[in-house]
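Colleague: Coordinates only, no sequence provided:
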Ligand code: G3H
């Protein structure tokens with residue numbers, strides 16, 4: 001491991017292509033009701049996890065964004081409500097083909113902003129260059145796949161159904177006003193995996209970027225403004241209590257799409273005066289276990305667990321956050337993990353071959369040190385020589401062996417580079433852990449015996465929502481369903497599921513007699529309705 005103190009350098013030592021331009025990046029506009037309004041109030045300073053040396057000191061300020069208040073938040077809400085106009089606004093009334101046209105236009109403009117957005121991802125959340133590029137490209141693919149999935153859905157809905165002498169056409173209609181809030185670890189991708197399906201289905205949106213990862217949305221404001229009718233996309237920035245609470249308390253939000261903690265989701269959901277009117281689409285906490293069986297291919301298990309626990313420094317909801325290893329192989333496994341982790345490269349996001357990067361959350365190192373100290377004081381062993389070494393926002397991953405119930409690391413989501421390993425003698429021990437856990441997102445199991453794996457699969461599928469065999473936990477590919485049980489999620493997201501989540505089935509039906517048939521025929525022939533229509537999108 002390089003000396004952590006030498007990783008942060010002077011500005012002149014940072015390659016010019018990664019300098020922020022403009023610098024500092026002051027976002028002075030916000031989008032409400034189709035207008036890019038200039039913010040005249042207070043600003044929030046944006047601090048980067050990347051410290052830049054200036055002689056003996058460091059600077060971290062990279063820009064600022066508007067710190068909006070209740071008044072502007074309610075203006076954003078009013079704009080969305082007016083644009084939706086009880087389902088009669090321009091956007092919800094458009095044909096699917098017209099809405100697809102607007103999204104295509106948006107994605108074209110979005111692609112022109114790739115370089116600046118990738119750069120901002122690196123500076124705002126410390127994501128490596130490769131992962132930042134992946135996040136951008138995966139988001140563009142997601143949008144294009146969403147368009148294809150909607151075409152498919154619309155083709156199926158363009159048919160009529162006749163049952164028990166009733167003729168019907170069944171389609172999916174929008175729900176209304178959607179509040180979208182994404183997480184800091186995938187500020188672009190996970191915001192857009194709700195924002196885009198919500199929009200394309202005809203809903204109007206208020207969107208608040210996460211606390212970290214705000215500026216990277218600024219280059220898209222003009223694209224939002226020109227691609228969509230006024231009021232269809234509105235942006236708000238600031239403290240949740242000031243800008244989200246009044247919106248929720250208004251009772252005018254129909255869908256709450258939120259990726260974050262279950263604690264915050266619960267607070268916000270309860271603020272809605274008529275909770276039964278609020279549909280929630282939530283991606284929440286997780287503590288996905290890896291379970292390593294006695295006969296596992298250890299090298300593969302180690303590779304997958306390192307990837308699963310430490311991609312983006314462990315800051316993924318899908319990360320493997322505790323590993324159960326059969327006691328017969330536990331020491332060998334732990335030693336192999338140490339060897340693999342100690343080889344990882346820690347550095348700046350653009351450093352070639354970097355695996356670990358600065359952590360964006362304030363005081364994260366203190367939080368992780370506390371988890372490690374707690375485990376060590378209760379009998380766990382810190383295994384790797386560099387484990388837990390830290391400097392400012394840099395933190396080298398720590399492997400803790402013999403983690404047990406009663407330690408914070410047993411059930412607290414670390415969301416960072418700390419790997420707890422627990423040993424077991426009977427497979428019932430990790431299975432009980434999963435049953436007792438408050439979380440229910442995924443699990444990863446490593447082994448070779450089909451019989452044993454099959455039994456585990458059958459138990460685990462009713463506890464979590466994805467069982468990964470001999471592979472790390474992950475969300476993708478994006479056409480797979482992504483969800484969780486208990487405190488881990490509400491509703492299911494995937495390219496096609498998201499279209500369903502942000503819409504409701506509505507049908508038009510009539511008794512099969514000559515008069516009614518003739519009316520339907522005329523409506524179709526003269527193309528009188530957007531809904532009752534057999535047009536087929538090619
Ligand atoms: O933070 C949670 C993300 O949805 C994880 O996605 O498994 O593709 O990294 P990923």
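Modeller: Cool, the structure landed. Predicted, not measured: the structure shown is a model, and the values here were computed from it. Numbering: from 1, shown residues only.
Colleague: Show me how far stretch 361-380 is from its chain's centre.
Modeller: Here stretch 361-380 is found 26 Å from its chain centre; the criterion is CA atoms, centre = their mean, to the nearest Å.
Colleague: need the strands for the stretch 251-400 of the chain, in chain order.
Modeller: Counting by DSSP state E, counting those that start in this stretch, the stretch 251-400 of the chain has these strands, from start to end: 255-259, 279-283, 288-292, 320-326, 381-382, 390-391, 394-395, 398-401.
Colleague: Ok, which of these comes nearest residue 409?
Modeller: The closest of those to residue 409 is strand 398-401. By CB to CB, the value is 6.2 Å. Just so you know, the C-beta spots here come from the backbone N, C-alpha and C atoms, and that holds for glycine as well.
Colleague: right, and the strands of the stretch 251-400 of the chain - which one's nearest the ligand?
Modeller: Distance to the ligand, taken as CB to the nearest ligand atom, is lowest for strand 279-283 among the strands of the stretch 251-400 of the chain, at 6.4 Å.
Colleague: in that closest one, what counts as buried?
Modeller: Neighbour counts over strand 279-283 (16 or more other CB atoms under 10 Å) mark 279, 280, 281, 282, 283 as buried.
Colleague: cool, and stretch 355-368?
Modeller: Neighbour counts using 16+ other CB under 10 Å place 355, 356, 357, 358, 359, 360, 361, 364, 365, 367, 368 of stretch 355-368 among the buried residues.
Colleague: Ok, stretch 284-300 next?
Modeller: Buried residues in stretch 284-300 (16+ other CB under 10 Å): 284, 285, 286, 287, 288, 289, 290, 291, 292, 293, 296, 298.
Colleague: start to end distance for it?
Modeller: Across its full length, stretch 284-300 reaches 28 Å end to end, with CA to CA, to the nearest Å as the criterion.
Colleague: still on that earlier bit, could you export the buried residues of strand 279-283 to JSON lines, including columns for distance to residue 449 and pLDDT?
Modeller: Shown next, in JSON lines, are the buried residues of strand 279-283 (distance: CB to CB, whole Å; pLDDT from 0 to 100):
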{"residue": "279", "distance to residue 449": "43", "pLDDT": "98"}
{"residue": "280", "distance to residue 449": "40", "pLDDT": "98"}
{"residue": "281", "distance to residue 449": "39", "pLDDT": "98"}
{"residue": "282", "distance to residue 449": "37", "pLDDT": "98"}
{"residue": "283", "distance to residue 449": "33", "pLDDT": "98"}
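Colleague: mind listing what residue 309 touches?
Modeller: Contact analysis of residue 309 by CB atoms under 8 Å, 6 or more residues apart in numbering lists 290, 319, 320, 321, 323, 397, 417, 419.
Colleague: ok, of those residues, which one's closest to residue 54?
Modeller: Relative to residue 54, and with distances defined as CB to CB, the nearest of these is residue 417, at 27.5 Å.
Colleague: Distance of the nearest residue to residue 273 once chain neighbours are set aside relative to the ligand?
Modeller: The shortest distance from residue 273 to any residue other than its chain neighbours is 4.4 Å, reached at residue 251 (CB to CB, 6 or more residues apart in numbering). Counting by CB to the nearest ligand atom, to the nearest Å, the separation of residue 251 from the ligand is 30 Å.
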